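> Predicted coordinates and the sequence they were generated for:
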Amino acid sequence: MEDSTKKSITEGDKDIVFSKAIRAGKRIYYLDVKRSRGGDMFIAITESKKVVRGEDDSQVSFEKHKIFLYKEDFKKFSSGLKQTIAFIEEAMAQQADENSPDTECPTPEDSHTPVPEPAISSGEIKIDIDF
């Protein structure tokens, strides 16, 4: 993931006082600090994704999604984000440990519960996606 920072005010967004762009694959995340009419600052988070339509790459557009984060929510948002990232990192580490060849798999003799046979036969693909 590549990131860049710009501290100047652009012509199109005169209310931006600070901006950080984070390039991540096909997406760019913009973290813009803006000033409201009342003088308060807030964060505008924008996800921009390049979308190519057509076989000859003739139609290129950008899909954008915005979230506005106000100062009264900074601590709660930051805390929630940190907890969420920590959960994912812990789950991924646990999953890596479970998939490690050093981890012993229980055998039917070690447990009262029988070990189920794999449900997928060779050549069969199953996908389970939750949204």
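The structure has been received and is ready for your questions.

> Beyond the worst-scoring helix or strand of the chain on mean pLDDT, next helix or strand please.
Lowest mean confidence among the helices and strands of the chain (mean pLDDT, DSSP states H and E): strand 2-6, at a mean of 51. For strand 2-6, the following helix or strand on the C-terminal side (DSSP states H and E) is strand 16-24.

> Given that next one, what are its sheet partners and their directions?
strand 2-6 (antiparallel), strand 27-35 (antiparallel) (DSSP bridges).

> So what's the model's average confidence on it?
The average pLDDT for strand 16-24 rounds to 94.

> Would you mark the buried spots in it?
16, 18-19, 21 (16 or more other Cβ atoms under 10 Å). The C-beta positions use only the backbone N, C-alpha and C, and glycine is treated the same way.

> do stretch 41-55 as well
42-44, 46.

> and if you look at stretch 80-94?
Buried residues in stretch 80-94 (16+ other Cβ under 10 Å): none.

> what's next to that stretch, contact-wise?
By Cβ atoms under 8 Å, 6 or more residues apart in numbering, no surrounding residue is in contact with stretch 80-94.

> tell me the mean pLDDT for it?
Rounded mean pLDDT across stretch 80-94 is 94.

> Repeat that for stretch 52-63.
80.

> With just CA atoms, put it into CSV.
Only the C-alpha atoms of stretch 52-63 are listed here, as CSV (Å, rounded to 0.1, in the frame of the first residue of the first chain):
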residue,chain,number,x,y,z
VAL,A,52,-13.3,0.2,-16.7
ARG,A,53,-16.2,-0.7,-19.0
GLY,A,54,-15.9,-2.0,-22.5
GLU,A,55,-13.5,-4.4,-24.0
ASP,A,56,-11.2,-1.7,-25.4
ASP,A,57,-10.9,0.2,-22.1
SER,A,58,-12.8,3.1,-23.8
GLN,A,59,-15.0,3.9,-20.8
VAL,A,60,-13.1,4.6,-17.6
SER,A,61,-14.8,6.1,-14.7
PHE,A,62,-14.4,6.3,-10.9
GLU,A,63,-16.8,5.1,-8.3
